[in-house]
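Visitor: Need a 3D model of the sequence below.
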Amino acid sequence: MNLLVVYASQFGNTEHLAKTIGSALEPRHTVRVIAAKDARDLTGEGVDLLLVGAPTQMFGRRRLVRSFLDGLTRHGFSAVAAAAFDTRMGHPDPEERRRGRGHRRAPGGGRLPGRRTARELPGGRLHRSAGRG
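Guide: Take a look at the predicted model:
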C-alpha cells in the first residue's frame, strides 16, 4: 500500500508526529512524509491512503495546510482514502487556570500538565503509540 503523509507544523510537534507515524507504517507500507508547503503540486496518482496533519489553532485548520487541501480534487485525490490527525491544546481546567497552570492535551487524549511538547511526554507515550500501527 502506498501512503502519503502530508503535514503542516508551526513549532515542530506536528512534523515530529507525522514522521513518527510514517516510521511506524514503513515496515509494512511504502510511505512518503512531506510538508504541506512542498506538497502543493503532488497528485493522487499511485496513492492508496492520504494522511493529513496540522495543528488546530483557533478551533480550525491552519493556513499552512489549507492550500494543499483546497487543491485535492484538482490534483486527483478524489478517489483516495484519507484520514486526518492534529496536534492541539486542550482547554485548561478552570481550577488550574485560576492558579495559572494550564494543561495541554497529550496524544491519545490524555492531559499533560505544564508546557511540554509531544517529544517530552513522560514514559515515551508518543513512541508507544507508534507500535499500534
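Visitor: Would you mark the buried spots in the helix ranked longest in the chain?
Guide: Looking across the chain with DSSP state H, the single longest helix is helix 13-25. Judged by neighbour count (16 or more other CB atoms under 10 Å), helix 13-25 contains these buried residues: 13-18, 20-22, 24-25. C-betas here are computed from N, CA, C, even on glycine.
Visitor: all strands for the protein, in order.
Guide: For the chain, the strands defined by DSSP state E occupy 2-7, 30-35, 49-56, 81-88, 103-105, 111-113.
Visitor: how about those in JSON lines, adding mean neighbour count and distance to R63?
Guide: As requested, the strands of the chain are exported to JSON lines (neighbours: other CB atoms under 10 Å; distance: least, CB to CB, whole Å):
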{"stretch": "strand 2-7", "mean neighbour count": "22", "distance to R63": "14"}
{"stretch": "strand 30-35", "mean neighbour count": "16", "distance to R63": "14"}
{"stretch": "strand 49-56", "mean neighbour count": "20", "distance to R63": "9"}
{"stretch": "strand 81-88", "mean neighbour count": "15", "distance to R63": "14"}
{"stretch": "strand 103-105", "mean neighbour count": "17", "distance to R63": "22"}
{"stretch": "strand 111-113", "mean neighbour count": "14", "distance to R63": "26"}
